[in-house]
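Colleague: Here is my input, please return the structure:
(chains A and B)
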There are 2 protein chains.
Amino acid sequence: MKTRVPLRDWGEDRLVARLVRGLPSAEGVVVGPGDDCAVLESPPGGKCHQLLKTDAVVEGVHFLASSPPAAVGWKAAARAVSDIAAMGGRPTHAVVTVVAPGLTATSWLLAVYRGLARCARTHGFSLAGGETSGAPDGAPVMLNVTMLGEVEPGRCVLRSGGRPGDAVFVTGRLGGSLASGRHLTFRPRLAEAQWLARHVRPSAMMDLSDGLGQDLPRLARASGTGWLIDPARLPCHRGCTPAEALGDGEDFELLFTVPRSRATRLPAAWRTAFPKVPLTCLGTLEPAGREEPALHGGYEHFRTLRPARGRPGAAAAGRARSATS
Amino acid sequence: MKTRVPLRDWGEDRLVARLVRGLPSAEGVVVGPGDDCAVLESPPGGKCHQLLKTDAVVEGVHFLASSPPAAVGWKAAARAVSDIAAMGGRPTHAVVTVVAPGLTATSWLLAVYRGLARCARTHGFSLAGGETSGAPDGAPVMLNVTMLGEVEPGRCVLRSGGRPGDAVFVTGRLGGSLASGRHLTFRPRLAEAQWLARHVRPSAMMDLSDGLGQDLPRLARASGTGWLIDPARLPCHRGCTPAEALGDGEDFELLFTVPRSRATRLPAAWRTAFPKVPLTCLGTLEPAGREEPALHGGYEHFRTLRPARGRPGAAAAGRARSATS
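Modeller: Numbers count the residues shown, from 1 in each chain, chains lettered A, B, ... in the order given. Below is the predicted model:
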């Protein structure tokens, strides 16, 4: 008889790799499971590839019952915008699923929708439809957002294009997203990512959702490389330790790599374009096998987590996420 | 201070109408919230509109912990196929979100994915990506499927095109979907809907998910009409009463209307094309204000439901669903 192994005993990346093995693909899928978004070929005559991303926030994991509902709606949509951005794309249309017990306050859900709508207006996508479903009494509320986007084929940036020698950059500051509440109000790096895709053409890019300690190894694995980064350069948020910057997750900053030839002039051009957004070169991609330092921390799905700093009981709030696409 | 009104005290259609009021739309949205799917304009040069549908199944609502997991995966995807079909379209790509507690058995989730993959191969769409997220211990498992489809603009069938005098048809038989287990194994009427869109051009169409008692009034409201149907003609599944045929829901049959001029020859042509699938003319659309008989029953989201026949404790399993698109 098969042993009943729970999800939390599998590594998340191993689980995802197993789930997507042998899935039916089809004509027109340029990039399937494994990147920030799926990439679908532009229809005949079309100029842009389509990007497709689905993503959920769950009460007790990504937000709390006490979180401001408009911020919950904002976050649910902004997470998907961040993934579209990380491919070099623009969001165009979203559809929303709400799963909630019948005792949920209607005013709460209306406020969630105001947050969704504000995110849509801010980032220029439509809320084209959705679905509501009941849930058993006591079940956590769940919001799923599926985002369509578009990207010109020549500007689409995957996780897998990094090469040994490429410089590794990260935007903004890392750590403490949950404790500070930033995970509910963050601004996806849409303008920054589009600027990068246009002017710098990163070799690889992704958004940081599970923490640099999880996500840099993912980018390197997808690119078939190792890495050499200097932990002393980690751009920690005020009050955060390097371990928290590596492991807290939900930073929604951009992690990207740039061939050395284009990396030299990047910092000056960036300062001109985005004077208020820090940009940090952490190190370089290296040949596979050289991974220094070995990175620890980062959010592992389905595992029991230490309580969040300053928010006992909030366990994983603000940090759970894993992409199979 | 605002009264805290729970979702279950709002009518579902009223809630959805309120949620989508004032949502940001955008260029390129042909049909927004309110139909089976959102319809997005074909890109310049493209031949087809795109269809976009998001839909969730929730443990304890749409399936039980004891339901065969491959059937749960099949159902999760087949529901969305049914919506794409009801617009006259073909499914092309799906992305899946799984929200599950860490103690969920990995073998269960792998079997769910086998069901998803079988549905994809059967209906010719790709599983282009997805997302996994943890949930608090004890939370129900939730699967969200977002389906992209395509339809030639001239063959796209909305809910809103019905006119007084049009004949009202329904495919298959109704009622008892939960009690029989059909809700887990149903075959979406994809071939039938495409044949209808091509050869019959229905004036309006939708799939029956919440029961004819809920869904016919929705189609009529969208079309600005009333109805006159003969309850004696209801094609009840063996052992089901007319009340169950109206109210059980999750039939996933097609409800459609056809102008009288094209309705006469339909039954004979249908029998040739689909000899094993019943087709029933229930009556006609009428001017608004004439709704006879007044229909009762059908699944209302967020409300407490009577236990399903023969499955005490399964309350709403197999029946919850509501479209905002």
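Colleague: From here on, just use CA atoms for contacts and neighbour counts.
Modeller: OK.
Colleague: What score does residue A:32 have for pLDDT?
Modeller: Here, the pLDDT recorded for residue A:32 equals 89.
Colleague: before we move on, what about residue A:4?
Modeller: Taking residue A:4 on its own, its pLDDT is 81.
Colleague: That one reaches residue B:106, doesn't it?
Modeller: Yes. Using CA atoms under 8 Å, residue A:4 makes contact with residue B:106 at a distance of 7.2 Å.
Colleague: Compare neighbour counts for the two and give me the winner.
Modeller: Counted by other CA atoms under 10 Å in any protein chain shown, residue A:4 and residue B:106 do not tie: residue B:106 has more neighbours, with 20 against 12.
Colleague: Please report the distance of the more buried one from residue B:52.
Modeller: 30 Å (CA to CA, to the nearest Å).
Colleague: Residue A:294 now?
Modeller: For residue A:294, the distance to residue B:52 - CA to CA - is 42 Å.
Colleague: neighbour-wise, which of these two wins?
Modeller: residue B:52 (31 against 11).
Colleague: any idea how far that one lies from chain A?
Modeller: 8 Å (CA to the nearest CA, to the nearest Å).
Colleague: Secondary structure element for that residue, which one?
Modeller: strand B:49-58 (DSSP states H and E).
Colleague: do the same with residue A:146
Modeller: Going by DSSP H and E, residue A:146 is in strand A:142-151.
Colleague: Alpha carbons of the following helix or strand past that strand, as CSV, please.
Modeller: Per DSSP H and E, the first helix or strand lying C-terminal to strand A:142-151 is strand A:167-171. Taking C-alpha atoms only, strand A:167-171 is exported to CSV below (Å, rounded to 0.1, in the frame of the first residue of the first chain):
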residue,chain,number,x,y,z
ALA,A,167,25.9,40.3,-13.0
VAL,A,168,23.1,39.6,-10.5
PHE,A,169,21.0,42.7,-9.5
VAL,A,170,18.1,43.2,-7.1
THR,A,171,15.8,46.2,-6.9
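Colleague: Check the offset of the following helix or strand past strand A:167-171 from the chain's centre.
Modeller: Remark: after strand A:167-171, the chain's next helix or strand is helix A:177-180, criterion DSSP H and E. Chain-centre distance of helix A:177-180: 16 Å, with CA atoms, centre = their mean, to the nearest Å.
Colleague: Which strands or helices does helix A:177-180 pack on?
Modeller: Under the contact definition 3 or more CA pairs under 8 Å, 6 or more residues apart in numbering or on different chains; DSSP states H and E, helix A:177-180 sits against no other helix or strand.
Colleague: can I see the domain layout of chain A?
Modeller: A:28-155, A:167-292 (automatic domain parsing).
Colleague: which one of these is the most hemmed in?
Modeller: domain A:28-155 (a mean of 24; mean count of other CA atoms under 10 Å in any protein chain shown).
Colleague: Quick one: the strands in chain A, in order.
Modeller: A:29-31, A:38-40, A:49-58, A:90-101, A:126-135, A:142-151, A:167-171, A:204-207, A:225-229, A:254-258, A:279-287, A:291-292, A:322-323 (DSSP state E).
Colleague: Parallel or antiparallel, list what pairs with the longest one.
Modeller: As defined by DSSP bridges, the strand partners of strand A:90-101 come to strand A:126-135 (parallel), strand A:142-151 (antiparallel).
Colleague: and those as JSON lines, adding mean pLDDT?
Modeller: Shown next, in JSON lines, are the strands paired with strand A:90-101 (pLDDT from 0 to 100):
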{"stretch": "strand A:126-135", "mean pLDDT": "92"}
{"stretch": "strand A:142-151", "mean pLDDT": "97"}
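Colleague: Show me the one of the ones you listed that comes nearest residue B:33.
Modeller: strand A:126-135 (4.3 Å; CA to CA).
Colleague: That closest one relative to strand B:49-58, how many degrees between them?
Modeller: 20 degrees (axes from the mean of the first three to the mean of the last three CA atoms, to 10 degrees).
Colleague: so where is chain A shaky, pLDDT-wise?
Modeller: A:1-3, A:297-325 (pLDDT under 70).
Colleague: Contact residues of the stretch 151-300 of chain A facing chain B?
Modeller: Applying the criterion CA under 8 Å from any CA of the partner chain, no portion of the stretch 151-300 of chain A neighbours chain B.
Colleague: hmm, back to that, what is the strand holding residue B:52 packed up against?
Modeller: So strand B:49-58, by 3+ CA pairs under 8 Å, 6+ apart, packs with strand A:90-101, strand A:126-135, strand B:38-40, helix B:69-86, strand B:142-151.
Colleague: Provide the contact partners of that strand at residue level.
Modeller: A:95-97, A:99, A:129-131, A:133, A:135, A:146, B:36-42, B:63, B:76, B:79-80, B:83-84, B:89, B:140-153, B:325 (CA atoms under 8 Å, 6 or more residues apart in numbering or on different chains).
Colleague: hmm, try it at 6 Å
Modeller: B:37-42, B:76, B:142-151, B:153 (CA atoms under 6 Å, 6 or more residues apart in numbering or on different chains).
Colleague: what does stretch A:146-159 give?
Modeller: A:48-54, A:87-95, A:197, A:204-205, A:219.
Colleague: List the beta-bridge partners for residue A:127.
Modeller: residue A:94.
Colleague: From residue B:26, how far out is it?
Modeller: 8 Å.
Colleague: and stretch A:25-39, does that touch chain B?
Modeller: Yes. With CA under 6 Å from any CA of the partner chain as the criterion, chain B is reached by stretch A:25-39 at A:25-26, A:32-33, A:38.
Colleague: Now the terminal residues of that stretch, how far apart.
Modeller: 12 Å.
Colleague: returning to that earlier point: may I see the residues of stretch A:25-39 next to chain B organised as TSV, with distance to residue B:21 added?
Modeller: Converted to TSV, those look like this (distance: CA to CA, whole Å):
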residue	distance to residue B:21
A:25	37
A:26	37
A:32	35
A:33	34
A:38	30
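Colleague: Among those residues, name the ones in helices.
Modeller: Among the residues of stretch A:25-39 next to chain B, no member is found in helices (DSSP state H).
Colleague: and the closest residue to residue A:105 other than its chain neighbours, how many neighbours?
Modeller: Spatial nearest neighbour of residue A:105, chain neighbours left out: residue B:6 (4.3 Å); criterion: CA to CA, 6 or more residues apart in numbering or on different chains. As a burial measure, residue B:6 scores 18 neighbours (other CA under 10 Å).
Colleague: No further queries at this time; thank you.
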